[in-house]
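Engineer: Based on what follows, work out the 3D shape:
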Amino acid sequence: MELSKTAEGRVSIETESLKESWIISLLLMFRYGFFRWGIYIPPITDEAIHPDFVRFNLKICAGWDNWSCYYFSADNSQTDNFLLKFYKKHSGNYT
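Structural biologist: Have a look, this model is predicted:
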């Protein structure tokens, strides 16, 4: 799991591991109360769009692409703060 910035300057968590992306997803839903909203758009060329994670004013955009692999990107400044705290707490530690 790596922390990075999107082209828009938002915080993003990226991983090459499918297992790690599932763990992140499960933590977001069952420990932090996010629900999934949106549709899945399968990879036609080099990117797939997954349903967003939404909780109150927090929105995490999720997907997969050839460069980042699996990504979880903040949609606003409140979500930037949440993802930074999430990364610090869970990077390399999934309990």
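Engineer: use CA for all of it now, contacts and neighbours both
Structural biologist: Will do.
Engineer: Show me the shaky parts of the protein.
Structural biologist: For the chain, applying pLDDT under 70 flags the ranges 93-95.
Engineer: Look through it and tell me its longest helix.
Structural biologist: helix 77-90 (DSSP state H).
Engineer: Flag every buried residue along it.
Structural biologist: Neighbour counts over helix 77-90 (16 or more other Cα atoms under 10 Å) mark T79, D80, L83, F86, Y87 as buried.
Engineer: thought the last one was touching S12?
Structural biologist: Going back to what we said before, that points to Y87. No - at 9.5 Å, Y87 does not count as touching S12 under the criterion of Cα atoms under 8 Å.
Engineer: residues shared between the contacts of these two?
Structural biologist: Residues touching both Y87 and S12 by Cα atoms under 8 Å, 6 or more residues apart in numbering: L3.
Engineer: Spatially nearest residue to the residue nearest the centre of the chain, not counting backbone neighbours?
Structural biologist: By Cα atoms, centre = their mean, the chain has its centre lying nearest to F72, at 1.7 Å. In this structure, F72 finds its nearest non-sequential neighbour in A62, 4.6 Å apart by Cα to Cα, 6 or more residues apart in numbering.
Engineer: these two touch, right, that neighbour and Y70?
Structural biologist: Yes - with contact defined as Cα under 8 Å, A62 counts as touching Y70 (7.5 Å).
Engineer: partners of whatever helix or strand the residue nearest to the centre of the chain lives in in the sheet?
Structural biologist: Here F72, judged by DSSP states H and E, is contained in strand 69-74. Each strand that pairs with strand 69-74, with its direction, by DSSP bridges: strand 11-15 (antiparallel), strand 58-65 (antiparallel).
Engineer: Would you mark the buried spots in it?
Structural biologist: Residues of strand 69-74 classed as buried by neighbour count (16+ other Cα under 10 Å): C69, Y70, Y71, F72, S73, A74.
Engineer: check contacts around the fourth one.
Structural biologist: With contacts defined as Cα under 8 Å, 6+ apart, F72 is in contact with S12, I13, E14, I60, C61, A62, G63.
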